[in-house]
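Colleague: Sequence first, predicted coordinates after that:
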Amino acid sequence: MAAAPGGAERYFTRWYKPGTRRARGGRGRGSGGHGFSQLQRNNYISFCRICVITLAEAHPLLQSGKTIKSINYQISANCSRLQNKVSGKSKRGAQFLTELAPLCRISSSDGEEYTIYSCIRGRLIEVNENILSNPAILQEKPSTEGYIAVVLPKFEESKSITQGLLTQKEYEEVLLKRLNSSS
């Protein structure tokens, strides 16, 4: 008997943004070429889309042998995603993000650092502070409790945010092509 789908599978549609830059030892940037996953949910109360930013299954940080050393939401001297204070129905005070806005930086024990980007335009609703004190949850449950952030796109843009993103099948095809070209 097949297991019942979890909340992420039941209520969200998974979209992917393949990475383009490779991480380098010590000062690496980018997603390691493996990308990010975005879970998009219909919020039937306000008729807008909520996007949960997670690491894609093929991200190097989720591969065996990697250990997360630290997660840092301090983007620059003047910008910390932890300082995001949202209030009210219109989400006043939320930081506005572009597709290329960094959300956090994750360092692994082998010295590589990965910058995780928003991948979509919208308001930063929350960051997952739980992964700061328990980084292992990012690897153990990346699609649920190990999410990175929640972003709310503008209502007018909610239909177009999936342009430039890949479906699960398209993402798997990209990974297969990369695997075949590297062997």
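Modeller: Perfect, I can see it now.

Colleague: Tell me where the longest helix sits in this protein.
Modeller: Longest helix in the chain, counting residues (DSSP state H): helix 168-182.

Colleague: chain center to it: distance?
Modeller: Distance, stretch centre to chain centre, for helix 168-182: 19 Å (C-alpha atoms, centre = their mean, to the nearest Å).

Colleague: and that helix, what does it pack onto?
Modeller: Here helix 168-182 touches strand 13-17, going by 3 or more C-beta pairs under 8 Å, 6 or more residues apart in numbering; DSSP states H and E. Just so you know, the C-beta spots here come from the backbone N, C-alpha and C atoms, and that holds for glycine as well.

Colleague: could I have the strand it packs on exported to CSV, CA atoms only?
Modeller: What follows is strand 13-17, C-alpha atoms only, in CSV (Å, rounded to 0.1, in the frame of the first residue of the first chain):
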residue,chain,number,x,y,z
THR,A,13,3.3,22.5,-6.8
ARG,A,14,7.1,22.1,-7.0
TRP,A,15,9.0,24.3,-9.4
TYR,A,16,12.8,24.4,-9.9
LYS,A,17,15.4,27.1,-10.8
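
Colleague: tilt between it and helix 168-182?
Modeller: For strand 13-17 against helix 168-182, the angle by axes from the mean of the first three to the mean of the last three C-alpha atoms, to 10 degrees is 30 degrees.
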